[in-house]
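Asker: give me a 3D structure for the following:
(2 chains)
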Protein chains: 2
Amino acid sequence: MKFQAEIDVMPKKEILDPQGKAVTGSMKNLGLAEIQNVRIGKHISLEIEAESEAAASEKVEQACKSLLANLIMESYSFTVTAV
Amino acid sequence: MKFQAEIDVMPKKEILDPQGKAVTGSMKNLGLAEIQNVRIGKHISLEIEAESEAAASEKVEQACKSLLANLIMESYSFTVTAV
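Answerer: Okay, the predicted model is just below:
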């Protein structure tokens, strides 16, 4: 079976996100001062061939830990859906 | 009211995503050859002060169009939830 995974990798809350800070500042200049606390991370979509949803999740977990996220500075979350 | 927006900005399907291609290649080396077609974009989370969910969505739409996404190469999607 084929599954589609959607992964979010975000900088941890305790860690300063300079890119997000810069964007928060720019929002004010664009007349969007209501927007606050912008944080910027990565969104990764991928396809995975696996026997079950559990097996697919396992593989995605492994991919996140070994390549997609830097666990010292980033946290990840994902969803897996059959396609 | 305060709302939380979660925005995904992804390279358009027709556009080559070299970063995603590189990661797809690396998956093979990590023993995760089941993972295919990796595409990498941005995930942005932000807080927004607005009177209603519709007003918040409007502002997020504006932010995406004017700053967060390059509409020539990227498409965006988002969800807004009250917090």
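
Asker: could you use CA atoms for every contact and neighbour count after this?
Answerer: Fine.

Asker: next to chain B, which bits of chain A? Give me the list.
Answerer: With CA under 8 Å from any CA of the partner chain as the criterion, chain A comes near chain B at residues A:8-10, A:27, A:32, A:34-50, A:59, A:63.

Asker: can you tell me which residues contact the residue nearest to A:Val83 when sequence neighbours are not counted?
Answerer: Using CA to CA, 6 or more residues apart in numbering or on different chains and skipping residues adjacent in sequence, the residue nearest A:Val83 is A:Phe3, 5.4 Å away. Applying CA atoms under 8 Å, 6 or more residues apart in numbering or on different chains to A:Phe3 gives the contacts A:Glu47, A:Ile48, A:Glu49, A:Ala50, A:Glu53, A:Ala56, A:Val80, A:Thr81, A:Ala82, A:Val83.

Asker: just the buried ones out of the residues of chain A next to chain B, please.
Answerer: Buried residues within the residues of chain A next to chain B, counting neighbours by 16 or more other CA atoms under 10 Å in any protein chain shown: A:8-10, A:27, A:32, A:35-50, A:59, A:63.

Asker: sorry, back to before: now go through the residues of chain A next to chain B and say which are in strands.
Answerer: Secondary structure of these is defined by DSSP state E; positions in strands are A:8-10, A:35-49.

Asker: give the residue farthest from the middle of chain A.
Answerer: Among the residues of chain A, the one whose C-alpha is farthest from the average of all C-alpha positions is A:Gly31, by CA atoms, centre = their mean at 27.5 Å.

Asker: how close does that one sit to B:Gln4?
Answerer: Distance, A:Gly31 to B:Gln4, by CA to CA, to the nearest Å: 19 Å.

Asker: could you do A:Ser75 as well?
Answerer: Shown here: A:Ser75 relative to B:Gln4, a distance of 18 Å by CA to CA.
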